[in-house]
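In: Structure here, sequence nowhere to be found:
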């Protein structure tokens, strides 16, 4: 079964995006505290045709340094050795400027030839005028297309679902 990894900084909205995509409010647990996702959490969707993988976040997390180092090792093993991995969704906060950690993550994925789709989350918090500017800013910084997404209003959900199903 093909797997789609949801990657990004702590509190960028990985679990919320997963819940929104699946159409379930509490499939993946969400929290306002950074670093709550501590393991790889796998969810079968589309009648078992596809698996979404909620991954621990990188960057700031309320966890011991040794635990964060352990997460990094777990993620590297998963991303480099999982034959079922079809795509990495790299989530970035659409309200912010491109962050160095996100740019590094994209470069790391590209160096390992892992297919990547950039997703700008928290899209509902941007005005209609800010959205095209944010898309251009991220597309330029990452040299990749970006999809705006809101787990609240579900903006971008149909486009992202279509993309994911094309990988199934």
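Out: Nice, I can see it. A quick note: this is a predicted structure, and the numbers were derived from the prediction, not measured.

In: mind listing what the closest residue to residue 41 other than its chain neighbours touches?
Out: Closest residue to residue 41 apart from its sequence neighbours, by Cβ to Cβ, 6 or more residues apart in numbering: residue 54 at 4.2 Å. C-beta here means a position set from N, CA and C on the backbone, and glycine is covered the same way. Under the criterion of Cβ atoms under 8 Å, 6 or more residues apart in numbering, the neighbours of residue 54 are 6, 14-15, 18, 28, 37, 40-43.

In: Quick check: phi and psi on residue 54?
Out: phi -80, psi 120 (degrees, to the nearest 10).

In: follow-up on the earlier one: highest neighbour count among the contacts of residue 54?
Out: The residue in those with the most neighbours, by other Cβ atoms under 10 Å, is residue 14 (29 neighbours).

In: Would you confirm that residue 126 contacts residue 137?
Out: No: using Cβ atoms under 8 Å, residue 126 is not in contact with residue 137; the gap is 11.2 Å.

In: which residue packs closest to residue 82, ignoring adjacent ones?
Out: residue 3 (6.6 Å).

In: who's in contact with the one you found?
Out: 42, 50-53, 82, 84-86.

In: Same check on residue 9?
Out: Applying Cβ under 8 Å, 6+ apart to residue 9 gives the contacts 57-60, 91-93, 99, 101-102.

In: Next step: those restricted to helices.
Out: Here DSSP state H is the test, and these give 101-102 as lying in helices.

In: Closest to residue 164 out of the contacts of residue 9?
Out: Nearest to residue 164 among the contacts of residue 9 is residue 91, at 13.6 Å by Cβ to Cβ.

In: Can you list the low-confidence ranges for this protein?
Out: 27-38, 59-72 (pLDDT under 70).

In: Which elements pack onto the top strand by length along the chain?
Out: The longest strand of the chain (DSSP state E) is strand 85-93. On a contact count with 3 or more Cβ pairs under 8 Å, 6 or more residues apart in numbering; DSSP states H and E, strand 85-93 meets strand 3-8, helix 14-22, helix 65-81, helix 100-111, strand 116-121, helix 157-165.
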